[in-house]
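A.B. asks: Need coordinates for the below:
(one chain, ligands or ions: 3)
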Amino acid sequence: MYNINGLNEECGVFGIINNKNALRIAYYGLHSLQHRGQEAAGITFKNGEYFETIKGRGLVADVLTDEVISCYSTRTAIGHVRYATAGGLGSANVQPFSFKFYDENLALAHNGHIGNAKDIKKELEEHGGVFSSTSDSELLIHLLRHEKGDFKTRLINSLNKLDGSFAYVLMHDDEMYGIRDKNGIRPLSIAKLDDYSYVLSSETCAYSVIGAKFVRDVLPGEVVKIKEGKIESYFYNDNCSQNLCLMEYVYFSRPDSTIDNINVHFARKLCGKLLARQKPVEADIVIGVPDSSISAAIGYAEESGIPYEIGLIKNKYVGRTFIQPTPELREKGVRMKLSANEAIVKDKRIIMIDDSIVRGTTSKRIVQLLKEAGAKEVHVRIASPAIKYPCYYGVDISTYDELISSQLNVDELCKFIKADSLSFLELDSLKKALNNVKYNDKNEHENRYCSACFNGDYVTKLYDALEVLNMNKQEL
Ligand code: 5GP
Ligand code: SF4
Ligand code: MG
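C.D. replies: Ligands and ions are numbered 1, 2, ... in the order given. Okay, the predicted model is just below:
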């Protein structure tokens, strides 16, 4: 089957301006965004008149050591943590990207994916553009250099050429910018630190770590400019709407983050409660797959009245299962990572909650673990709808053949993972419930979220990805 690996990445961005501890704060901020990407990290900061960049493969603490950070003193820094599929992990693609021109300095960190990158690159190359990476993230800088006029005009015109998902943190000489795409697919927010420093971050969990106070989310299509302790804001497009990635609530974000006014733990608990109402089953205990399913499992237990137990223990010192590149290694990773708590699960009828099924590896392995530990029945309840379509907005859900729910129906999948029963959360009710929390109304605003990987309803044009998508559909 045709693969489109290398397109997808899930990342975190961070920025701090006007603080004497900018480098250390960027380090702590990025460290708290580490769950969004563990394969590479980097920072760009002002060093005298110019921008300096330290970046490389590995975790934040590996790349940004105390020795390196202590060498510099700066008041402004942006940073990035990166997750990338195998095809896209050349070190040239590690962010931030920084450029020095005769008349300005520019640097950026990007979370998302630009759908029309190929077309834009082609056009720019025809006009003499030279790219230093294969990533779509540096495109904005090239576009900015091609536009004429003041910086604001150049930025607005450039952003309007990009179609896809983006949360950018950008440094332009003495200014820092936070920019969110007009569909608001990827999260970004602003916080204040002390009297004059502002912080930008993909997730609000970074703020408590550094003692910053959340100000607000950057809005879809909004450009927030921060300079000399002041914020200026404008929109690059008149046609903006909210389509936050539903998977941010389901899996990606940390439970202590709040995105677009909804706390992630709260959203997950709500998913668990809805699931208990929609897909009840008789059982003795409810367990969650640590860590990302604990909130949903608590919600399921609370709603059903069935006790919540710690039936699975995670070894915290093994990296996320997804990092392992081959299926074989992935399976080993799961085995190293999780153990059943035999004293709790033996002879029990168990409801096992997981946040999502992608390839089905995790669920299959855990059902086996629980049965080996003596569980009488294992009923798997997934606190999100079935993932059937690839994501083109910056997330590692890349091909149909990797998505087990696009190959098997629920009954077949239940047999594949060898569970006693299997159910998923219903998409419409999930959207309605989240809207109800946020907008306090049950019936309107049903399209406030991107849910393309669940229902194929893509928020933007797909460009060359559409061809691959259709080809894959025919093959199925
Ligand atoms: P599977 O084993 O079915 O391929 O993956 C699903 C499991 O992996 C879930 O337990 C989920 O918590 C975890 N997971 C790790 N990385 C990702 C990711 O990028 N997306 C999703 N949806 N789940 C992931
Ligand atoms: Fe998020 Fe899925 Fe939309 Fe991708 S397709 S942005 S993972 S909801
Ligand atoms: Mg999990």
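A.B. asks: which residues of the stretch 1-150 of the chain score low on pLDDT?
C.D. replies: 1-9, 84-90 (pLDDT under 70).
A.B. asks: Return the nearest residue of it with respect to ligand 1.
C.D. replies: At 6.2 Å from ligand 1, E10 is the closest residue in the stretch 1-150 of the chain, using Cβ to the nearest ligand atom. In short, each C-beta sits where N, CA and C put it, glycine included.
A.B. asks: In contact with that residue, which residues?
C.D. replies: E10 makes contact with R36, G37, Y83, N111, F252, G394, V395, D396 under the criterion Cβ atoms under 8 Å, 6 or more residues apart in numbering.
A.B. asks: can you do 7 Å?
C.D. replies: Counting by Cβ atoms under 7 Å, 6 or more residues apart in numbering, E10 makes contact with R36, G37, Y83, F252, G394, V395, D396.
A.B. asks: distance of it from ligand 2?
C.D. replies: 8 Å (Cβ to the nearest ligand atom, to the nearest Å).
A.B. asks: and what of D136?
C.D. replies: Noted for D136: a distance of 15 Å to ligand 2, by Cβ to the nearest ligand atom.
A.B. asks: How many residues are close by the residue nearest to that residue when sequence neighbours are not counted?
C.D. replies: In space, and not counting its chain neighbours, D136 is closest to A117: 3.6 Å by Cβ to Cβ, 6 or more residues apart in numbering. A117 has 21 neighbouring residues, counting by other Cβ atoms under 10 Å.
A.B. asks: Look up phi and psi at K192.
C.D. replies: Phi and psi for K192, reported as degrees, to the nearest 10, are phi -120, psi 140.
A.B. asks: so who does the residue of the chain positioned farthest from its centre touch?
C.D. replies: When each C-alpha in the chain is compared with the mean C-alpha position (Cα atoms, centre = their mean), D347 comes out farthest, at 38.0 Å. Each residue near D347 by Cβ under 7 Å, 6+ apart is listed here: G374, K376.
A.B. asks: Strands along the stretch 351-476 of the chain, start to end?
C.D. replies: 377-382, 421-424, 449-450 (DSSP state E, counting those that start in this stretch).
A.B. asks: How about the stretch 1-150 of the chain?
C.D. replies: For the stretch 1-150 of the chain, applying DSSP E, counting those that start in this stretch gives strands covering 9-17, 40-47, 50-57, 76-84, 97-100, 105-114.
A.B. asks: Turn these into a markdown table, including distance to R359.
C.D. replies: Listed next are the strands of the stretch 1-150 of the chain as a markdown table, based on distance: least, Cβ to Cβ, whole Å:
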| stretch | distance to R359 |
| --- | --- |
| strand 9-17 | 16 |
| strand 40-47 | 23 |
| strand 50-57 | 24 |
| strand 76-84 | 16 |
| strand 97-100 | 32 |
| strand 105-114 | 21 |
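A.B. asks: Ok, which of those strands comes nearest I351?
C.D. replies: Closest of these to I351 is strand 9-17, at 28.7 Å (criterion: Cβ to Cβ).
A.B. asks: how about G48, phi and psi?
C.D. replies: Main-chain dihedrals, G48, degrees, to the nearest 10: phi 70, psi -130.
A.B. asks: Measure how buried it is and give me the count.
C.D. replies: Look at G48: counted by other Cβ under 10 Å, it has 9 neighbours.
A.B. asks: Ligand 2 contacts on the stretch 351-476 of the chain?
C.D. replies: Within the stretch 351-476 of the chain, the residues that sit near ligand 2 (Cβ under 6 Å from any ligand atom) are C391, Y393, V395, I397, C450, S451, A452, C453.
A.B. asks: can you do 8 Å?
C.D. replies: Within reach of ligand 2 by Cβ under 8 Å from any ligand atom, the stretch 351-476 of the chain has these residues: 387, 389-395, 397, 449-454, 458-459.
A.B. asks: near ligand 2, which residues of the stretch 201-350 of the chain show up?
C.D. replies: N243, C245, L246, M247, E248.
A.B. asks: Can you tell me which of the residues you listed end up in strands?
C.D. replies: Applying DSSP state E to these, the entries found in strands are C245.
A.B. asks: what's the farthest-apart pair in the residues of the stretch 201-350 of the chain next to ligand 2?
C.D. replies: So, these by Cβ to Cβ: farthest apart are N243 and M247, at 12.3 Å.
A.B. asks: Could you tell me which of the contacts of E10 belong to helices?
C.D. replies: Within those, no residue falls in helices by DSSP state H.
A.B. asks: can those residues go into TSV with extra columns for distance to D62 and neighbour count?
C.D. replies: Below are the contacts of E10 laid out as TSV (distance: Cβ to Cβ, whole Å; neighbours: other Cβ atoms under 10 Å):
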residue	distance to D62	neighbour count
R36	16	23
G37	13	26
Y83	15	25
F252	22	23
G394	23	25
V395	24	26
D396	21	19
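A.B. asks: Just name the closest of those residues to ligand 3, please.
C.D. replies: F252 (11.4 Å; Cβ to the ion).
A.B. asks: give the contact list for that closest one.
C.D. replies: With Cβ under 7 Å, 6+ apart, F252 has these contacts: E10, R36.
A.B. asks: Same check on the one 3 residues further on?
C.D. replies: For P255, the contact set (Cβ under 7 Å, 6+ apart) comprises V264, H265, R268, S295.
A.B. asks: and stretch 344-353, is it in reach of ligand 3?
C.D. replies: No. Using Cβ under 5 Å from the ion, stretch 344-353 stays clear of ligand 3, coming no nearer than 9.9 Å.
A.B. asks: and the end-to-end length of that stretch?
C.D. replies: 16 Å (Cα to Cα, to the nearest Å).
A.B. asks: Check stretch 19-38 too.
C.D. replies: For stretch 19-38, the end-to-end distance is 26 Å (Cα to Cα).
A.B. asks: quick thing: my sequence starts at 838, can you match it?
C.D. replies: Noted, 838 is the first residue going forward, which turns the last one into stretch 856-875.
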